[in-house]
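Student: Let me see the structure of the following:
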Amino acid sequence: MIYRIDELSENPINPITHRVYDSTWIILMLTDSQDYQKMCGSRNGCAYTIKISTAKCEAWKMAVCDCMGFCTANHQNLILVMTEADLSAAKSHYIGHRYNEPFLREGEPSVLVHSTPASCWEQIKREGMLKSWNLLKAEKTITEEHPIGTQLGDPADFSGYIMFGGGVTGEIIVSSKQHGKIVMDVNAEYTTGARLYFDAERMARDGLLIRDGCHLKVKDTLPLTPYLIWAAAWDTVGLTGPVSVPRIFAEQSDKQFQAVLRQYRQRADGQNI
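Tutor: A predicted model of the protein is given here:
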């Protein structure tokens, strides 16, 4: 169910049920912050909250309705914290769209990045695909009780998806897994794994890409072929060994990838992919 309220105090009590939030609830809150476009997480025992700044995020109307569509399709309870006028404007703007439409929109990245530890990369190559945390747990491939994202307040349903990020985001996750806690320091030493670059346009065209209002993600599995463009590792990006820091590995990988991407696009144009 989707509910709208004008304002919300971030605390453990659900204003709809007047009970403590359970894992079926998500909040999307519009703000006028100048500090971010989108921000997500859980504060003060509140449910997982997506905050979108109408001042900084041009596509806020699309994000609001993507979240609504995603939550409706997945039977997730959603609280919208915004005015009736803002909700009406978002709905009008969204006509003709859907959260899993098979093309990239203006402003969406044509390449998506997923980072993984070196040991996991070996398993991924053997199987020829990425798998969600839930699938890996069911297959007993992993032994951890909870994904690292639970420490940030990620909802349980996130574990059924393969998540992507840009910049140092993926490396922060790999680093945090190694440290057993969330480590946001981009200069904290860690053992690099693989940084995987995927063709987002092709993923969207084939109906794999899902938008939840804050993330681009894929349900359950993602084959490497034909979506993986390139895999960066320490020895392919000019590092002297596998130990580095998230900032340097991400920067070096992205720099090397630009040449790879140019060649990939030339081949794709020639083959009319």
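
Student: Now do Arg262 against Leu216, distance only.
Tutor: Distance, Arg262 to Leu216, by C-beta to C-beta, to the nearest Å: 23 Å. (Glycine included, C-beta is placed from N, CA and C.)

Student: more neighbours, those two?
Tutor: Using other C-beta atoms under 10 Å, the more surrounded residue of Arg262 and Leu216 is Leu216, with 20 against 10.

Student: Please look at the more buried one and Ala200 and confirm they touch.
Tutor: Yes - assessed by C-beta atoms under 8 Å, Leu216 is found in contact with Ala200 at 7.0 Å.

Student: any common contacting residues for those two?
Tutor: Shared contacts of Leu216 and Ala200 (C-beta atoms under 8 Å, 6 or more residues apart in numbering): Glu108, Pro109, Leu112, Leu209.

Student: Cys71 against Cys65, yeah?
Tutor: No - using C-beta under 8 Å, Cys71 makes no contact with Cys65, being 10.7 Å away.

Student: Now do the end-to-end distance for stretch 144-155.
Tutor: Terminal residues of stretch 144-155 lie 17 Å apart, using C-alpha to C-alpha, to the nearest Å.

Student: Does anything pack onto the host helix or strand of Ser176? Which helices or strands?
Tutor: In this structure, Ser176 sits in helix 169-179 according to DSSP states H and E. Counting contacts by 3 or more C-beta pairs under 8 Å, 6 or more residues apart in numbering; DSSP states H and E, helix 169-179 packs against strand 111-116, strand 190-191, helix 246-271.

Student: Contacts for that helix, please.
Tutor: Counting by C-beta under 8 Å, 6+ apart, 113-117, 148-149, 151, 164-165, 182-184, 186, 188, 190-193, 195, 246-247, 249-250 sit against helix 169-179.

Student: OK, contacts around Ala89?
Tutor: Residues in contact with Ala89 (C-beta under 8 Å, 6+ apart) are Lys61.

Student: quick one: it from Arg126, how far?
Tutor: 49 Å.

Student: How about Phe257?
Tutor: Taking C-beta to C-beta, one finds Phe257 at 24 Å from Arg126.

Student: circling back to that earlier point, got a winner among the shared contacts of Leu216 and Ala200 for most neighbours?
Tutor: Top of the shared contacts of Leu216 and Ala200 by neighbour number is Leu112, holding 27 neighbours under the definition other C-beta under 10 Å.

Student: That residue contacts Arg195, correct?
Tutor: No - under the criterion of C-beta under 8 Å, Leu112 is not in contact with Arg195, lying 11.5 Å apart.

Student: still on that earlier bit, of Phe257 and Arg126, which one has the most company?
Tutor: Phe257 (19 against 8).

Student: where's Cys65, which helix or strand?
Tutor: Per DSSP H and E: Cys65 is located in helix 60-73.

Student: Next, the buried residues of that helix.
Tutor: Across helix 60-73, burial judged by 16 or more other C-beta atoms under 10 Å covers Trp60, Lys61, Met62, Ala63, Val64, Cys65, Asp66, Cys67, Met68, Gly69, Phe70, Cys71.

Student: what does stretch 1-9 give?
Tutor: Those would be Leu8, for stretch 1-9 by 16+ other C-beta under 10 Å.

Student: So which residues make contact with that stretch?
Tutor: 15-16, 27, 29, 68, 71-72, 77-84, 87.

Student: Now find how far off-centre that stretch is within its chain.
Tutor: Distance of stretch 1-9 from its chain centroid, counting by C-alpha atoms, centre = their mean, to the nearest Å, is 24 Å.

Student: Kindly report the same for stretch 14-32.
Tutor: Stretch 14-32 sits 21 Å away from the centroid of its parent chain (C-alpha atoms, centre = their mean).
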